[in-house]
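>>> Based on what follows, work out the 3D shape:
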Amino acid sequence: MHKIYQYLLDRDFLPVTPVIDKPQNEYIDILDIIETSYKHEIEVSDSYHVTADLCLKEGCHTTYAFIHWFIMEQI
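A predicted model of the protein is given here:
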């Protein structure tokens, strides 16, 4: 998140942290933890892909390159 905040600040945008729900902290077993974590990582990856697609559509190659780093990190 710090990397995203700094990217925005460097471009004179004021980052705003959205309110999020309290994360789940009770699980049935280790398999439940792994499955929940995996599902979350898929959602994160999907959101980066949506953002990258929007960057390309809008012709914002600088932000696309920035988001690409996060996509590669998800691998």
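
>>> Buried residues, the helix or strand Glu43 falls within. List them.
If you go by DSSP states H and E, Glu43 is part of helix 30-58. Residues of helix 30-58 classed as buried: 48, 51-52, 55 (neighbour count, 16 or more other Cβ atoms under 10 Å). C-beta here means a position set from N, CA and C on the backbone, and glycine is covered the same way.

>>> Tabulate those in a markdown table, adding columns for distance to His40 and pLDDT.
Formatted as a markdown table, these follow (distance: Cβ to Cβ, whole Å; pLDDT from 0 to 100):
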| residue | distance to His40 | pLDDT |
| --- | --- | --- |
| Tyr48 | 13 | 97 |
| Thr51 | 17 | 97 |
| Ala52 | 19 | 97 |
| Cys55 | 23 | 97 |
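
>>> Can you name the next helix or strand after the helix holding Glu43?
Following helix 30-58 in sequence, per DSSP H and E, is helix 61-74.

>>> mind listing what's buried in that following helix?
63-64, 66-67, 70.

>>> what's the answer for stretch 3-18, then?
Tyr7.

>>> Do me a favour and get the end-to-end distance for it?
16 Å (Cα to Cα, to the nearest Å).

>>> And Ile75, how close does it get to Asp32?
24 Å (Cβ to Cβ, to the nearest Å).
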